[in-house]
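In: the sequence isn't on hand, but the structure is:
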């Protein structure tokens with residue numbers, strides 16, 4: 001999995017490649033879509049109305065995904081204005097890596113259920129929702145505190161369960177990000 005972290009950092013974080021991941025939000029349209037197609041992402045879309053009948057957890061997923069996408073893009077645009085010496089820059093970069101890794105997991109689930117939609121996938125979306133909401137709370141807390149001038153980095157330590165879920169470690173992320181600064 002260190003290869004995944006390396007690829008995320010190299011292709012999206014290192015060059016401040018800012019982009020929206022969610023192409024259609026599943027709220028204002030009946031489609032939830034990720035149209036990004038590159039080294040890691042695969043184009044995928046789901047009809048929310050049809051999918052929610054077999055996978056009710058998809059509604060929570062699209063809501064959380066929309067918010068996570070907002071934050072990862074906001075962080076990306078904020079990063080260039082933060083001095084390299086400011087510890088919050090590294091913390092925000094780590095959060096962006098986590099968010100992108102979560103989206104890659106969601107993208108994989110979307111592709112899998114498209115080929116074999118079954119209600120057994122609800123548990124996978126519930127699990128994704130749990131970890132994604134945790135990262136969403138951590139991200140919004142850190143970003144709001146940073147904007148108020150009182151950045152708190154300790155809260156990032158609460159992401160251990162999400163790191164396990166993704167099969168990565170904070171030291172993997174630290175190693176890749178430290179190569180940037």
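Out: That came through, no problem. Remember, predicted model here, so these are calculated numbers, not experimental data.
In: CA atoms for contacts and neighbours, from now on please.
Out: Noted.
In: the spatially closest residue to residue 181 that is not a sequence neighbour: which element?
Out: Spatial nearest neighbour of residue 181, excluding adjacent residues (Cα to Cα, 6 or more residues apart in numbering): residue 84 at 6.8 Å. Assigned by DSSP states H and E, residue 84 falls within no helix or strand.
In: and what of the one 5 residues further on?
Out: The secondary structure element spanning residue 89 is helix 87-115 (assigned by DSSP H and E).
In: elements contacting that helix?
Out: helix 2-8, strand 44-47, helix 58-78, helix 122-147, helix 160-166, helix 170-178 (3 or more Cα pairs under 8 Å, 6 or more residues apart in numbering; DSSP states H and E).
In: could you dump those to JSON lines with distance to residue 109?
Out: Output for the helices and strands packed on helix 87-115, formatted as JSON lines (distance: least, Cα to Cα, whole Å):
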{"stretch": "helix 2-8", "distance to residue 109": "17"}
{"stretch": "strand 44-47", "distance to residue 109": "10"}
{"stretch": "helix 58-78", "distance to residue 109": "11"}
{"stretch": "helix 122-147", "distance to residue 109": "8"}
{"stretch": "helix 160-166", "distance to residue 109": "13"}
{"stretch": "helix 170-178", "distance to residue 109": "23"}
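In: now the ones you listed as TSV including distance to residue 90 and mean pLDDT?
Out: Formatted as TSV, the helices and strands packed on helix 87-115 follow (distance: least, Cα to Cα, whole Å; pLDDT from 0 to 100):
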stretch	distance to residue 90	mean pLDDT
helix 2-8	15	90
strand 44-47	31	94
helix 58-78	11	95
helix 122-147	12	93
helix 160-166	17	93
helix 170-178	7	92
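In: so residue 89 touches residue 79, yeah?
Out: Yes - counting by Cα atoms under 8 Å, residue 79 is a contact partner of residue 89 at 6.3 Å.
In: about what we covered before: the residue nearest to residue 181: how many residues sit nearby?
Out: 13 (other Cα atoms under 10 Å).
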